[in-house]
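[1] This is a predicted model, with the sequence first.
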Amino acid sequence: MPLFEEDPAHLSKSRLRSDLVAHNVALPPAQSRKEVYVGLHLKHIEQKNGADFSSDEEDQDKEEDRGNAEIPDPSCLTDDDLKAALLKHGVKAGPIVATTRALYEKKLRKLLQPDGDVGLVNGAEKDVLYSDSEEEEEGTTLSSEGAEEETVEQSEQAAQESSQMERRRSHSTSADTEQELNRSNVQEHWSQANGVSSAPILDTLTTKNQSPYYTPKASPFKRGMKPPLEPVKDTFKDIFPDTHATPTGIYATCRKPIKGAAGRPVLYGYPESPVSPTTLERQEVERRIVPFKIQILVFLIVVVLLYFINVCVEDSSFAPFVALLDSLNPISDAEDGLLLQAETQDTPALSGQE
Amino acid sequence: MSSTSQKHRDFVAEPMGEKGVMALAGIGEVLGKRLEEKGFDKAYVVLGQFLVLKKDEELFRDWLKDTCGANSKQQGDCYGCLKEWCDAFL
């Protein structure tokens, strides 16, 4: 429904206000009555719209019309209006302050750009550029448009994305931010190209209650149910051997979570987490503990052995051992005595000879 | 991308305190200078911007690009580092 068909008298005062602001019309004093707004609205905006819809824009929808009307200056909006305008496009804006305003204006401008211009030609290229997170965000804006269709589209697209992503990882995600706003359009094309043929099959194979419960916010969950999607793709391939799932003719492979795709850092879970000095120390200590135990064991074994030897010596072999010692002693004594005698005998002889 | 930089790990490992803006992953000499010129001299000022953008990746990346001309990788590094820091300490 084009904007100019709405009777300005039926619009709310705040709406009139924001419309006037959007058309660069000086606002009347804040206390003015609604009629004043309506008058201004009729005077400025109706005329403008009449001029705008001369020929080629007549078939465009209401939102786009408003978009075109607002394109000249998101910067003229007040903070609140800017926020409201963003909300209309499904973007939940944060606080609009000095440092963020420019960004939100830019975003609104992007959202307002008519997305009918970009066609199927660029669709495949663009899909490559989107990472998971961007896809989720897109899902938010699209959430109002039939959730079931969307599920099919997204899974289809995601699968294709991953295959392309693997080949063209060098592409940077943020390369073309303006393309992002054309995603919805791209997805529509997807639904035309692939969704139509694949939707029934996917529907029969995926459980019925997934689609109604699907919300873009739950996309981590979506990633969780990727594995079941693989057989789906296979059956799809089996049933339609001639169908090309993607414009490039490449069938999607099983989608694995793309960690840090396209130059982004991995956000969660690192394969090897950095080791802190304390853990290193502990590891060092642990490495030492095992030999230490063995040392103790060896020490104990040695102690036990010594003890047994001691016991044995005291018990059985003590007596013979002592006996042996005793038997040795007298002999040595006797020998000593003989030697002494011999010496004493020798010395006088020697002295006698001299 | 299999791992993160040493700078990232250092930043994420502890509260940022009074660290300068160059302590952020992805922000080197040049970008740090530019950010400082615009008043973002400490890492926590950038964190403030990050938070006021509601941790939105796209907006933050855009902001970083507009503010200091960071390239895609630098944007990603900086975003990832702040995101993870927030997950850990916020």
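    Structure received. Numbering: from 1, shown residues only, chains lettered A, B, ... in the order given.

[2] Now do the same contact list for the most centrally placed residue in chain B.
    Residue closest to the average C-alpha location in chain B (C-alpha atoms, centre = their mean): B:C78, at 3.6 Å. B:C78 is in contact with B:L24, B:A25, B:G26, B:I27, B:V46, B:F60, B:L64, B:A70, counting by C-beta atoms under 8 Å, 6 or more residues apart in numbering or on different chains. Yep, even glycine has a C-beta here, placed from its N, CA and C like the rest.

[3] B:V21 contacts B:K42, doesn't it?
    Yes: B:V21 is within contact range of B:K42, at 6.1 Å (criterion: C-beta atoms under 8 Å).

[4] what do the two both touch?
    By C-beta under 8 Å, 6+ apart, no residue touches both B:V21 and B:K42.

[5] Neighbour count: the two, which is higher?
    The neighbour count for B:V21 versus B:K42, taken as other C-beta atoms under 10 Å in any protein chain shown, is higher for B:V21 (23 against 19).

[6] And that one, how close does it get to B:F40?
    6 Å (C-beta to C-beta, to the nearest Å).

[7] contacting residues around A:S12?
    So A:S12 contacts nothing (C-beta under 8 Å, 6+ apart).

[8] From the rest of the structure, what touches the host helix or strand of B:F11?
    B:F11 belongs to helix B:6-12 when elements are defined using DSSP states H and E. Helix B:6-12 is contacted by residues A:265, A:274, B:19, B:23-25, B:43, B:77, B:80-81, B:84-85, B:88 when judged by C-beta under 8 Å, 6+ apart.

[9] Could I get the buried residue list for that helix?
    The neighbour-count check on helix B:6-12 (16 or more other C-beta atoms under 10 Å in any protein chain shown) flags B:K7, B:H8, B:R9, B:F11, B:V12 as buried.

[10] related to what we said a few turns ago, does the residue nearest to the residue nearest to the centre of chain B when sequence neighbours are not counted belong to a helix, a strand or coil?
    Of all residues not flanking B:C78 in the chain, B:G26 sits nearest, at 3.9 Å (C-beta to C-beta, 6 or more residues apart in numbering or on different chains). When classified by DSSP: H, G, I helix; E, B strand; the rest coil, B:G26 comes out as coil.

[11] Hmm, B:G26 is touching B:Q75, no?
    Yes: the pair B:G26 and B:Q75 passes the contact test of C-beta under 8 Å, sitting 6.9 Å apart.

[12] So if I had to pick from those two, which one is more boxed in?
    Set side by side, B:G26 and B:Q75 show more neighbours around B:Q75, with 25 against 22, by other C-beta under 10 Å.

[13] List the residues that contact the more buried one.
    Listed by C-beta under 8 Å, 6+ apart, the contact set of B:Q75 reads A:S174, B:G26, B:F60, B:R61, B:L64, B:K65.

[14] Just the pLDDT for it.
    We have a pLDDT of 93 for B:Q75.

[15] that older thread, and the residue nearest to B:C78, backbone torsions?
    phi 90, psi -10 (degrees, to the nearest 10).

[16] For it, list the residues it contacts.
    Contact analysis of B:G26 by C-beta under 8 Å, 6+ apart lists B:A70, B:K73, B:Q74, B:Q75, B:G76, B:D77, B:C78, B:C81.

[17] Give me every residue in chain B lying close to chain A.
    B:1-4, B:8-9, B:13, B:25, B:49, B:52-54, B:56-59, B:61-63, B:65-66, B:71-73, B:75-77, B:79-81, B:83-84 (C-beta under 8 Å from any C-beta of the partner chain).

[18] Can you flag the buried ones in those?
    Here, 16+ other C-beta under 10 Å leaves B:1, B:4, B:8-9, B:25, B:49, B:52-53, B:56-59, B:61-63, B:65, B:72-73, B:75-77, B:79-81, B:83-84 buried among these.

[19] Which secondary structure element is home to A:T279?
    Using DSSP H and E, A:T279 sits within helix A:277-315.

[20] pLDDT on that helix, on average?
    83.

[21] circling back to that earlier point, heading C-terminal from the helix holding B:F11, find the next helix or strand.
    According to DSSP H and E, the helix or strand after helix B:6-12 is helix B:29-37.

[22] So which bits of that next one are buried?
    In helix B:29-37, counting by 16+ other C-beta under 10 Å, buried: B:L31, B:G32, B:R34, B:L35, B:E36.

[23] The first one and B:K73: what is the separation?
    What it means is B:L31. 12 Å.

[24] One more: the fourth one?
    Between B:L35 and B:K73 the distance is 17 Å, computed by C-beta to C-beta.

[25] try the third one
    For B:R34, the distance to B:K73 (C-beta to C-beta) stands at 16 Å.

[26] Can you give me the neighbour number for the nearest residue in space to A:S75 that is not next to it in sequence?
    If the residues on either side of it in the chain are set aside, A:S75 comes closest to A:E105, at 5.5 Å by C-beta to C-beta, 6+ apart. Neighbours of A:E105 under the rule other C-beta under 10 Å: 19.

[27] In this structure A:E105 contacts A:L82, no?
    Yes: using C-beta under 8 Å, A:E105 is in contact with A:L82, at 6.7 Å.

[28] what residues are shared contacts of the two?
    A:P74.

[29] follow-up on the earlier one: where's the residue nearest to A:S75, which helix or strand?
    Going by DSSP H and E, A:E105 is in helix A:98-112.

[30] neighbouring contacts of stretch B:40-60?
    A:92, A:94-95, A:97, A:99-100, A:103-104, A:107, A:133-134, A:137, A:177, A:180, B:11, B:16, B:18-21, B:23-24, B:27, B:35, B:39, B:63, B:67, B:75, B:78-79, B:82-83, B:85-86.

[31] do the same with stretch A:96-106
    Applying C-beta under 8 Å, 6+ apart, the contact partners of stretch A:96-106 are A:74-75, A:77, A:79, A:82-83, A:86, A:93-94, B:49, B:52-53, B:59, B:62-63, B:66.

[32] Greatest separation within the residues you listed: which pair is it?
    Taking C-beta to C-beta as the measure, the contacts of stretch A:96-106 span a maximum distance of 21.4 Å, between A:L77 and B:Q49.

[33] Of the contacts of B:Q75, which belong to strands?
    Here DSSP state E is the test, and the contacts of B:Q75 give no hits in strands at all.

[34] A:V304: which of the residues you listed is nearest?
    B:G26 (64.3 Å).

[35] so how far is B:V52 from that closest one?
    Using C-beta to C-beta, one gets 19 Å for the distance from B:G26 to B:V52.

[36] A:G90 too?
    Counting by C-beta to C-beta, the gap from A:G90 to B:V52 is 21 Å.
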